[in-house]
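S.K.: got a predicted structure plus its sequence, pasted below:
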Amino acid sequence: MVMVSDTGSEKRGDVVPTRIAPPSVRRHAGVPRAGACETVIRAQHVTIRYGDFAAVGDVTLDIPDRRVTAIIGPSGCGKSTFLRAMNRMNDFIPTMSLSGSLTYRGEDIYGPRCDAVDLRRRIGMVFQKPNPFPKTIFKNVAWGAAINGYRGDLHVLVERALRRAALWDEVKDKLNQSAFALSGGQQQRLCIARAIALQPDVLLMDEPCSALDPIATARIEDLIGELKAHYTVVLVTHNMQQAARVSDLTAFMYMGELVEFDATDTIFTKPNEQRTQDYITGRFG
Ligand SMILES: Nc1ncnc2c1ncn2[C@@H]1O[C@H](COP(=O)(O)OP(=O)(O)OP(=O)(O)O)[C@@H](O)[C@H]1O
Ligand SMILES: [Mg+2]
């Protein structure tokens, strides 16, 4: 068990060996089996508390490489808490503590050897509301690489990131304009480009379309489908149609618990759990 104290330093109780690959908890129907589909993030019995309150309770699941994994569930069920734990964004909340084991490619995310800053470069995050910096479009994308001492050509990096985020054609002639001059949907793609420019391995997205209109949402959804060729994507969404459209796997959480995790088709057509059935048919939430 790994406890993260108020200061983010670790206290170890029963240490869960994270370098020994444990057996998969559940096979994902319709998804390539182990070997063809490597696990990138592995959660084992993860419980996350704010003070005494357990926002996430005993969650065990494997996030596979180069797939889109959606996390759905009613408001307050712990989706964002769980997502933020994956790149230690929760470290900034003083009352937060985590127990269980959470690993990234076999490394203990909450272990003493994990550098949280480097982890966040490899596991990037896109938030609900686009949050560009008050800088030019170019500087928004180049910023992370520049402060990390990137030695390559920043212009090449920025163009590649903007192309991958499906924004290049719309902004190539105004790279020196303020990012705030872009529409909400463009700003969100800019934030995705900013995350991509850091050359991450995983992209965490917390309701990335909730502030966008249907056209901008469709563009981001198309983009997510393209991004999984290069990145592992974990997507929190309230929009069940979106989860069904863009994800390969879906995890349904309810009151902090992982109720069911399976291939998206299975979750939306023949779930195993009555609570999943009730949620996807709109009986609660
Ligand atoms: N910083 C915090 N301090 C204390 N409690 C918190 C904090 N953040 C979240 N919580 C509580 O933890 C629970 C899970 O919150 P979380 O934000 O993870 O839910 P969510 O599933 O993402 O909800 P939503 O769909 O509304 O975004 C909620 O009961 C919430 O009130
Ligand atoms: Mg949330």
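M.R.: Sure thing, it's come through. Ligands and ions are numbered 1, 2, ... in the order given.
S.K.: contacts, neighbours, all on C-alpha from now
M.R.: Noted.
S.K.: tell me which parts of the stretch 51-200 of the chain are close to ligand 1?
M.R.: Counting by C-alpha under 6 Å from any ligand atom, the residues of the stretch 51-200 of the chain lying close to ligand 1 are 55, 74, 75, 76, 77, 78, 79, 80, 81, 93.
S.K.: pick the one among those residues closest to residue 176.
M.R.: residue 80 (33.7 Å; C-alpha to C-alpha).
S.K.: re earlier: which of the residues of the stretch 51-200 of the chain next to ligand 1 sit farthest apart?
M.R.: Considering C-alpha to C-alpha, no two members of those lie farther apart than 74 and 93, which are separated by 22.2 Å.
S.K.: give me the more crowded residue out of the two.
M.R.: For the pair residue 74 and residue 93, the greater number of neighbours falls to residue 74 (16 against 12), based on other C-alpha atoms under 10 Å.
S.K.: hmm, that one is touching residue 238, no?
M.R.: Yes. Contact criterion C-alpha atoms under 8 Å: residue 74 and residue 238 qualify, at 7.4 Å.
S.K.: quick check: the residue nearest to residue 270 when sequence neighbours are not counted vs residue 115, distance?
M.R.: Leaving aside its sequence neighbours, residue 270 sits nearest to residue 277 (C-alpha to C-alpha, 6 or more residues apart in numbering; 8.0 Å). Distance from residue 277 to residue 115, counting by C-alpha to C-alpha, to the nearest Å: 40 Å.
S.K.: now swap in residue 279 and tell me
M.R.: Distance, residue 279 to residue 115, by C-alpha to C-alpha: 38 Å.
S.K.: now do residue 144
M.R.: Plainly put, residue 144 is 17 Å away from residue 115 if you go by C-alpha to C-alpha.
S.K.: still on that earlier bit, now the buried members of the residues of the stretch 51-200 of the chain next to ligand 1.
M.R.: With burial judged by 16 or more other C-alpha atoms under 10 Å, the buried subset of these is 55, 74, 77, 78, 79, 80, 81.
S.K.: the more surrounded of residue 144 and residue 115?
M.R.: Neighbours of residue 144 and residue 115, each counted by other C-alpha under 10 Å, are more numerous for residue 144; the result is 18 against 12.
S.K.: secondary structure element holding that one?
M.R.: Residue 144 belongs to helix 137-147 when assigned by DSSP states H and E.
S.K.: do residue 61 as well
M.R.: Under DSSP H and E, the secondary-structure element containing residue 61 is strand 53-64.
S.K.: can you pull out the strands in the chain?
M.R.: Per DSSP state E, the chain has strands spanning 2-4, 10-12, 39-50, 53-64, 68-72, 96-104, 107-108, 123-126, 202-206, 232-236, 249-254, 257-263. These are given in chain order.
S.K.: lowest-confidence stretch among the ones you listed?
M.R.: If the strands of the chain are sorted by mean pLDDT, strand 10-12 sits at the bottom with a mean of 33.
S.K.: still on that earlier bit, the strand holding residue 61: which residues count as buried?
M.R.: Buried residues in strand 53-64, defined by neighbour count with 16+ other C-alpha under 10 Å: 54, 55, 56, 57, 58, 59, 60, 61, 62, 63, 64.
S.K.: would you list these in TSV and tack on distance to residue 212?
M.R.: Conversion of the buried residues of strand 53-64 to TSV gives the following (distance: C-alpha to C-alpha, whole Å):
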residue	distance to residue 212
54	31
55	27
56	28
57	31
58	33
59	30
60	32
61	30
62	30
63	27
64	28
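S.K.: and of those, the nearest to ligand 1?
M.R.: Relative to ligand 1, the closest of these is residue 55; by C-alpha to the nearest ligand atom it sits at 4.5 Å.
S.K.: contacting residues for the closest one?
M.R.: The neighbours of residue 55, taking C-alpha atoms under 8 Å, 6 or more residues apart in numbering as the test, are 47, 48, 49, 77, 78, 81, 255, 256.
S.K.: with residue 159 instead?
M.R.: Contacts for residue 159 were tallied using C-alpha under 8 Å, 6+ apart; they are residue 168.
S.K.: for ligand 1, see how far away the residue positioned nearest the centre of the chain is.
M.R.: With distances taken as C-alpha atoms, centre = their mean, the chain has residue 204 as the residue nearest its mean C-alpha position (1.8 Å). Residue 204 is 13 Å from ligand 1, where distance means C-alpha to the nearest ligand atom, to the nearest Å.
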